[in-house]
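From the sequence below, what's the structure:
(chains A, B, C and D)
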Protein chains: 2
Amino acid sequence: MNDQLEKKSKPRRKNEEAILSAAAAVFAELGFAGATTNLIAQRAGIPKANLHYYFPTKEALYRTVTNQIFSVWLEAAETFDDCDDPTDALSRYIRAKMMISRKYPLGSKVWAQEIMHGAPQIQDFLDHTVKNWTASRIKIIERWIAQKKINPIDPTYLLYMIWATTQHYADFAHQINTMNDGHNLSDQQFEDAINTVIDIILHGIGLGESGEA
Amino acid sequence: MNDQLEKKSKPRRKNEEAILSAAAAVFAELGFAGATTNLIAQRAGIPKANLHYYFPTKEALYRTVTNQIFSVWLEAAETFDDCDDPTDALSRYIRAKMMISRKYPLGSKVWAQEIMHGAPQIQDFLDHTVKNWTASRIKIIERWIAQKKINPIDPTYLLYMIWATTQHYADFAHQINTMNDGHNLSDQQFEDAINTVIDIILHGIGLGESGEA
DNA sequence: GTCTATAGAATGATAGAC
DNA sequence: GTCTATCATTCTATAGAC
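The predicted structure follows:
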């Protein structure tokens, strides 16, 4: 029993990982309702009944996927330091969010669809963790404004702008690829995108240097 | 026959409108797969079989909804004039996109989900209309850069930033409301958001005046 | 044009042999 | 732990009475 709780058996660990990986992809592509346990099991390379052995319901599986998304969100949140230099804090945060869009686009898509569906599963996380974090960062930005370090813009809409722009590279990757002649952005193109976003936002709030370039 | 083609009967027109309105809402909330013809019919106030009389398949209904979205997209696209003043052209376009997010949030959500699902229905529109429009606007922005009217940023990523930021107010309205203590943004708040977005982007590319304020 | 009833297919989930 | 077989439900779509 101790054994099963602390270090799961090898096949269990392997199967759970395969299922979660397949589930993230299918939920991102088709949404919760569109995803079928049959398809997830196929992509994970196991029979459907086996999936239900590890995750009793589709909803339980979906919950596990959204929980993984929280940890990624928190990872990015921590890069927005409470430091006195807005150029540093913002360019680090924007870069971190952009890299997450590139590395974990599935999580971003699941998040986006969850919000569009009214956040049936993650409302609690929005109400507490996200809201508190946002309030604390708004205070930091307001302090920068009071210290005349940046222009007097509304911090809330600045944050929304950063979220929207960075997550766009995950959620709308298909559209971006279409505009790019059907190819994924190369590493160089993605680096250009990061620097353009940092440049426009920093200049946009009155910070002359982008920290890059 | 001429009658039926040119001026549809009154109940037909009324029912089709009710169905399309309900369908846009349900597709936006639940995605194509999650939407059921039963639910759409209920919201339209008619029996399910009647819905299938007007729209033979769920996909035909969905296609009609996405076609309506195209006309809204084109409406906004036209506000981005080929004029010599970047401040005018961009602030008009951003404001138009923001107003569309407020007025037609359902269309924006359907579009977003369609992209996340790989654009099974609108790929053709992306490949031609959207791509050509984007290419022509990139040329205009490049001309502004050559004329030293704006900073030398990459036009593509500027456009993505505008799309992402403005559509965020439709697609992520639920998250924005949660941050706003569960209330929709008031007209005044939304006006502040528009002006903040215009202000940051215009300053971000080296235009001192926002055309507002 | 409208609606009841239902066919036919797909899905989430489980029982029970191995 | 794994997998075959299957149940119960739900969904799209249609037939046919009115």
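
buried residues in the helix or strand hosting A:Asp199?
According to DSSP states H and E, A:Asp199 maps onto helix A:187-204. Neighbour-count burial for helix A:187-204 flags A:189-190, A:192-204 (criterion: 16 or more other Cβ atoms under 10 Å in any protein chain shown). (Glycine included, C-beta is placed from N, CA and C.)

what angle sits between that helix and helix B:187-204?
With axes from the mean of the first three to the mean of the last three Cα atoms, to 10 degrees defining the directions, helix A:187-204 sits at 110 degrees from helix B:187-204.

circling back to that earlier point, closest to A:Arg92 among the buried residues of helix A:187-204?
Ranked by distance to A:Arg92 (Cβ to Cβ), the buried residues of helix A:187-204 are led by A:Ile198 at 9.5 Å.

For B:Ile153, see how far away that closest one is.
11 Å (Cβ to Cβ, to the nearest Å).

And for A:Lys8?
On the measure of Cβ to Cβ, A:Lys8 and B:Ile153 end up 50 Å apart.

Give me the more crowded residue out of these two.
Just comparing A:Lys8 and B:Ile153: by other Cβ atoms under 10 Å in any protein chain shown the higher neighbour count belongs to B:Ile153, 21 against 13.

Under a three-state scheme, what state does the more buried one occupy?
Under DSSP: H, G, I helix; E, B strand; the rest coil, B:Ile153 falls in the coil class.

wait, it sits on B:Ile205?
Yes. At 5.6 Å, B:Ile153 counts as touching B:Ile205 under the criterion of Cβ atoms under 8 Å.

Following the chain onward from the one helix or strand A:Met98 maps to, which element is next?
Here A:Met98 is covered by helix A:86-103, with elements defined by DSSP H and E. Sequence order places helix A:105-116 as the next helix or strand after helix A:86-103, per DSSP H and E.

what does that following helix contact?
A:24-25, A:27-29, A:31-32, A:65-66, A:68-69, A:72-73, A:100-101, A:120-122, A:167, A:169-171, A:173, B:28-29, B:31, B:109, B:112-113, B:116, B:171-172, B:174-175 (Cβ atoms under 8 Å, 6 or more residues apart in numbering or on different chains).

ok, now stretch A:28-43?
A:19, A:22-23, A:25-27, A:47-48, A:50-52, A:58, A:61-62, A:105-107, A:109-110, A:113-114, A:117, B:30-34, B:113, B:116-118.

Give me the subset of those residues that also touch DNA strand D.
By Cβ under 7 Å from any atom of the strand, the members of the contacts of stretch A:28-43 lying near DNA strand D are A:Pro47, A:Lys48, A:Asn50.

How many neighbouring residues does A:Ile94 have?
Neighbours of A:Ile94 (other Cβ under 10 Å): 23.

ok, it to B:Ala112 distance?
21 Å.

The residue nearest the centre of chain A and B:Ala164, how far apart?
Nearest to the geometric centre of chain A sits A:Ser108, at 4.2 Å (Cα atoms, centre = their mean). Distance, A:Ser108 to B:Ala164, using Cβ to Cβ: 12 Å.

and A:Leu61, what does it touch?
A:Ile19, A:Leu20, A:Ala23, A:Thr37, A:Ile40, A:Leu51, A:Phe55.

now do A:Thr178
Going by Cβ under 8 Å, 6+ apart, the list of residues near A:Thr178 reads B:Ala119, B:Gln123, B:Leu126, B:Asp127, B:Val130, B:Lys131.

For it, identify the helix or strand it belongs to.
Per DSSP H and E, A:Thr178 falls inside helix A:173-179.

Check which residues of that helix are buried.
Neighbour-count burial for helix A:173-179 [16+ other Cβ under 10 Å]: A:Ala173, A:His174, A:Gln175, A:Ile176, A:Thr178, A:Met179.

do the same with stretch A:68-78
Taking 16+ other Cβ under 10 Å as the criterion, stretch A:68-78 shows A:Gln68, A:Ile69, A:Trp73, A:Ala76, A:Ala77 as buried.
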